[in-house]
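Visitor: need a structure here:
(2 chains, ligands or ions: 2)
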Amino acid sequence: MTPCHFFIYIRIKLDIMNILVCISNVPDTTSKINFKEGNTAFDTQGVQFIINPNDEFGLTRAIWLQQKEGAKVTVVTVGDASCEPILRKCLAIGADQALRIDLQPQDGFEVAAQLAAICKKEHFDLIITGRESIDYNGGMVGGMLATLMDMPYVANCIQLDIASNEVGVQREIDGGKEVLNAKLPLVIGAQKGLVEEKDLIIPNMRGIMQARQKPLDVISPEEISPASKVLTFEKPSEKGPVKLVDADDIDGLIDLLENEAKVL
Amino acid sequence: MAVIVYIESENGSPKKAGLEVASYGRAIADAKGLPLVGVGFNVTQREDLNAYGVDTFYNMDTLGEVNFDVNRYSEAIAQVVEKEKASTVVVSSTSNGRYLGPIVAIKTNAAYLSNVVALPTTYEPVQVKRTCFTNKAFNETQSTKERTVLSLSSNSFGLHKKQSTVTFMDGTYPSLSSTLQVKSVEKVTDKVSIADADIVVSGGRGLKGPENWHLIEDLAEVLGAATACSKPVSDMGWRPHSEHVGQTGKPVASNLYIAIGVSGAIQHLAGINASKVKVVINTDPEAPFFKAADYGIVGDAFEVVPKLTEKLKARTQ
Ligand SMILES: Cc1cc2nc3c(=O)[nH]c(=O)nc-3n(C[C@H](O)[C@H](O)[C@H](O)COP(=O)(O)OP(=O)(O)OC[C@H]3O[C@@H](n4cnc5c(N)ncnc54)[C@H](O)[C@@H]3O)c2cc1C
Ligand SMILES: Nc1ncnc2c1ncn2[C@@H]1O[C@H](COP(=O)(O)O)[C@@H](O)[C@H]1O
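Guide: Ligands and ions are numbered 1, 2, ... in the order given. Coordinates of the predicted model:
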């Protein structure tokens, strides 16, 4: 038995749920966004990178499944070596192992296709992506990955209850929510609601120490072309100063909104 | 060859987001000299399709299935795309539009570009302006595929009427079995949703507590607006999560956004910046929101907002 076969054997034997959490490395939410090289590239200088907030909600939900059901949690990112600190952070939060597909992706399709290649090699019962990444905001990787894998996808996922193979999920929709039944394998797009802000796990010293021992494997990318490319970036034009209206002049405000801004 | 638009509907009538997509698709169809083909589910009202320039409309009768079904909807759209040999497909940026877009793109071997805010600058290849970094910037993206699915940001193109005579076609609603089944839909029916709203009234921590939210709700009611809140307000449970707007909450792209007792943190502004006109009411003249707003009142929400609501009420009577 090769180590790989042994691993599959153990997994089937013990029926361990195998979870993949897809992690996007994004600029901290307070970052000022600047561009370089004639506005053709994002300027990362001075920018702090974080785990994409939606992915962190998803990771936390996965860790709960690990703690309660003994699930195995793998985190994966498609990115260059600069992404490793956030993968280490995921390990410190509790993920069992990390994978980095060594490629600076050009678009969401490329990410989805690279992730699909991994998912074809190892079976994952549950694949968690974020609703969207806060940098390129494609909101596309989860749906694309699921479709490439011929798996169902639940976008904007705000609840997930797994009882053996039966899964109860909820999806936020405009003006309400949808309650669904699903089965594993399944892909979800995580967002706040799946867990709450207060549930997020801040790594402790022990977690950080353990993370150093956990595997972080670097995988060579497959030959896959992106479906689009960004040519140039631009910042929104500076807006004029605010028009202040006196607190006693409510009519003045209504007049401006009605006749100048024409929004009433 | 055709331009395809997915026209979202409710109770048989196209929704505003669907008509904006039709307006945008019509402009592309005109630029390329192609017909505009709509796809929709259980659409019975045709006047709007004529008024917004749809030439052909594939209506899928879901035979009593009332719930949105991502697998069957995306398959139905993909089939029309293949049949019409469409190179451009447009969906809206509603939650269902953004759900379908990437799936339809994979099914039809297309590139998918979301957050589109303008007409393409070139068509071969398709190159288009999009927002990125949660509205902190824009980019020009080029599709490297022959087919492109675009998801149009709400309120970025607007409604543009153009008369046509629509030919109705009965589409076949594909029968696909899926492990994903909608059990129920819970909608807050008496309220305008943030995604659909022209006006959004938003409250922050400056309102002091949930018991004061009638200020926000009353103002929203006279304006026919949706209500929203800042992240700490939903984190503290003053308001439901579905009202949390900003970089990590719901995006807002309304015509008018009124922020009351919201300081204007960068993460809040990022998510609401796509709104056309912004109004701030805040006691602190140094609050960062004043730098982002078009109109502002330095004042106490507890005094200003009831007066504003009264005046607006008097105006509508
Ligand atoms: C990773 C991350 C993601 C985040 N994402 C989001 C997000 O998506 N959305 C979001 O909103 N925030 C987000 N935040 C939080 C953000 O940084 C701010 O903390 C938050 O927006 C502040 O909310 P607020 O304006 O309601 O409260 P405060 O900042 O406390 O502001 C309250 C304001 O009310 C004013 N005020 C007080 N009394 C009155 C009165 N009587 N009348 C009128 N005005 C009054 C005050 O002058 C003050 O400006 C995020 C933070 C982080 C770290
Ligand atoms: N480079 C990446 N590596 C791994 N996962 C990613 C990457 N980019 C995006 N994702 C995942 O896909 C989700 C949606 O991203 P996006 O389609 O870019 O909005 C994110 O929340 C992540 O879970």
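Visitor: hang on, residue A:21 is in a strand, isn't it?
Guide: Yes - secondary structure assignment places residue A:21 in a strand (DSSP: H, G, I helix; E, B strand; the rest coil).
Visitor: tell me the contacts of it?
Guide: Contact analysis of residue A:21 by Cβ atoms under 8 Å, 6 or more residues apart in numbering or on different chains lists A:55, A:58-59, A:62, A:73-76, A:90, A:95, A:128. Just so you know, the C-beta spots here come from the backbone N, C-alpha and C atoms, and that holds for glycine as well.
Visitor: Mark which of the residues you listed are buried, thanks.
Guide: The neighbour count (16 or more other Cβ atoms under 10 Å in any protein chain shown) marks A:55, A:58-59, A:62, A:73-76, A:90, A:95, A:128 as buried among those.
Visitor: Looking at chain B, which residue is nearest ligand 2?
Guide: residue B:102 (7.6 Å; Cβ to the nearest ligand atom).
Visitor: coming back round to it: and the buried ones among the contacts of residue A:21, which is closest to residue B:131?
Guide: Nearest to residue B:131 among these: residue A:55, at 20.4 Å, using Cβ to Cβ.
Visitor: doesn't residue A:140 make contact with the residue of chain B closest to ligand 2?
Guide: Yes - counting by Cβ atoms under 8 Å, residue B:102 does reach residue A:140; the two are 4.0 Å apart.
Visitor: which neighbours do the two share?
Guide: Here residue B:102 and residue A:140 share the contacting residues A:108, A:112, B:112, scored by Cβ under 8 Å, 6+ apart.
Visitor: These: which ones sit near ligand 2?
Guide: residue A:108 (Cβ under 6 Å from any ligand atom).
Visitor: Just put the shared contacts of residue B:102 and residue A:140 in a markdown table and tack on pLDDT.
Guide: Converted to a markdown table, the shared contacts of residue B:102 and residue A:140 look like this (pLDDT from 0 to 100):
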| residue | pLDDT |
| --- | --- |
| A:108 | 97 |
| A:112 | 98 |
| B:112 | 98 |
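Visitor: now, which of the shared contacts of residue B:102 and residue A:140 sits nearest ligand 1?
Guide: Closest approach to ligand 1 among the shared contacts of residue B:102 and residue A:140 (Cβ to the nearest ligand atom): residue A:108, at 21.4 Å.
Visitor: Narrow the buried ones among the contacts of residue A:21 to those in strands?
Guide: Among the buried ones among the contacts of residue A:21, the members found in strands (DSSP state E) are A:73-76, A:128.
Visitor: related to what we said a few turns ago, of the shared contacts of residue B:102 and residue A:140, which belong to helices?
Guide: Judged by DSSP state H, the shared contacts of residue B:102 and residue A:140 include A:108, A:112 as members of helices.
Visitor: Just the buried residues from the shared contacts of residue B:102 and residue A:140, in PyMOL please.
Guide: To isolate the buried members of the shared contacts of residue B:102 and residue A:140 in PyMOL, using 16+ other Cβ under 10 Å:
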select buried, (chain A and resi 108+112) or (chain B and resi 112)
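Visitor: any chance of the shared contacts of residue B:102 and residue A:140 in TSV, plus distance to residue B:292?
Guide: Converted to TSV, these look like this (distance: Cβ to Cβ, whole Å):
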residue	distance to residue B:292
A:108	29
A:112	34
B:112	30
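Visitor: Identify the residues contacting the spatially closest residue to residue B:154 that is not a sequence neighbour.
Guide: Nearest residue to residue B:154 in three dimensions, chain neighbours excluded: residue B:253, at 4.6 Å (Cβ to Cβ, 6 or more residues apart in numbering or on different chains). By Cβ under 8 Å, 6+ apart, residue B:253 lies in contact with B:93, B:153-156, B:274-275.
Visitor: which one of the residues you listed has the most neighbours?
Guide: Neighbour counts for those, by other Cβ atoms under 10 Å in any protein chain shown, peak at residue B:275, which reaches 26 neighbours.
Visitor: which residues does the closest residue to residue A:247 other than its chain neighbours contact?
Guide: Spatial nearest neighbour of residue A:247, chain neighbours left out: residue B:299 (3.3 Å); criterion: Cβ to Cβ, 6+ apart. Residues in contact with residue B:299, defined by Cβ under 8 Å, 6+ apart, are A:247, B:281-283.
Visitor: Residue B:311: which element?
Guide: Secondary structure from DSSP states H and E places residue B:311 in helix B:301-316.
Visitor: where do the helices sit along chain B?
Guide: Secondary structure of chain B (DSSP H): helices located at B:16-32, B:47-51, B:70-83, B:95-107, B:214-223, B:231-235, B:266-272, B:289-292, B:301-316.
Visitor: Output the contacting helices and strands for the shortest one.
Guide: Which is helix B:289-292. With contacts taken as 3 or more Cβ pairs under 8 Å, 6 or more residues apart in numbering or on different chains; DSSP states H and E, helix B:289-292 sits against strand B:277-282, strand B:295-298.
Visitor: centre of the chain versus that helix, how much separation?
Guide: Chain-centre distance of helix B:289-292: 24 Å, with Cα atoms, centre = their mean, to the nearest Å.
Visitor: Check the third one too.
Guide: Relative to its chain's centre, helix B:70-83 lies at 21 Å (Cα atoms, centre = their mean).
Visitor: looking just at contacts, which helices and strands does that helix meet?
Guide: Using 3+ Cβ pairs under 8 Å, 6+ apart, helix B:70-83 sits against strand B:3-6, strand B:36-41, helix B:95-107, strand B:167-171.
Visitor: thinking again about what came up before, just the angle between the helix holding residue B:311 and helix B:214-223, please?
Guide: Relative orientation of helix B:301-316 versus helix B:214-223 (axes from the mean of the first three to the mean of the last three Cα atoms, to 10 degrees): 20 degrees.
Visitor: Check whether helix B:301-316 comes near ligand 1.
Guide: Yes - using Cβ under 6 Å from any ligand atom, helix B:301-316 reaches ligand 1 at B:301-302.
Visitor: List the buried residues of that helix.
Guide: Under the neighbour-count criterion of 16+ other Cβ under 10 Å, helix B:301-316 has B:301, B:304-305, B:308-309, B:312 buried.
Visitor: Convert the C-alpha atoms of it to PDB, please.
Guide: Extracted in PDB, the C-alpha atoms of helix B:301-316 (Å, rounded to 0.1, in the frame of the first residue of the first chain):
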ATOM      1  CA  ALA B 301     -30.300  62.500  14.400                       C
ATOM      2  CA  PHE B 302     -32.900  62.600  17.200                       C
ATOM      3  CA  GLU B 303     -33.900  66.100  16.200                       C
ATOM      4  CA  VAL B 304     -33.200  66.200  12.500                       C
ATOM      5  CA  VAL B 305     -34.600  62.900  11.300                       C
ATOM      6  CA  PRO B 306     -38.200  63.300  12.700                       C
ATOM      7  CA  LYS B 307     -38.400  66.700  11.100                       C
ATOM      8  CA  LEU B 308     -37.200  65.400   7.800                       C
ATOM      9  CA  THR B 309     -39.700  62.600   8.000                       C
ATOM     10  CA  GLU B 310     -42.500  65.000   8.800                       C
ATOM     11  CA  LYS B 311     -41.600  67.400   6.000                       C
ATOM     12  CA  LEU B 312     -41.400  64.500   3.500                       C
ATOM     13  CA  LYS B 313     -44.700  63.200   4.700                       C
ATOM     14  CA  ALA B 314     -46.400  66.500   4.300                       C
ATOM     15  CA  ARG B 315     -44.900  66.800   0.800                       C
ATOM     16  CA  THR B 316     -46.500  63.500  -0.400                       C
END
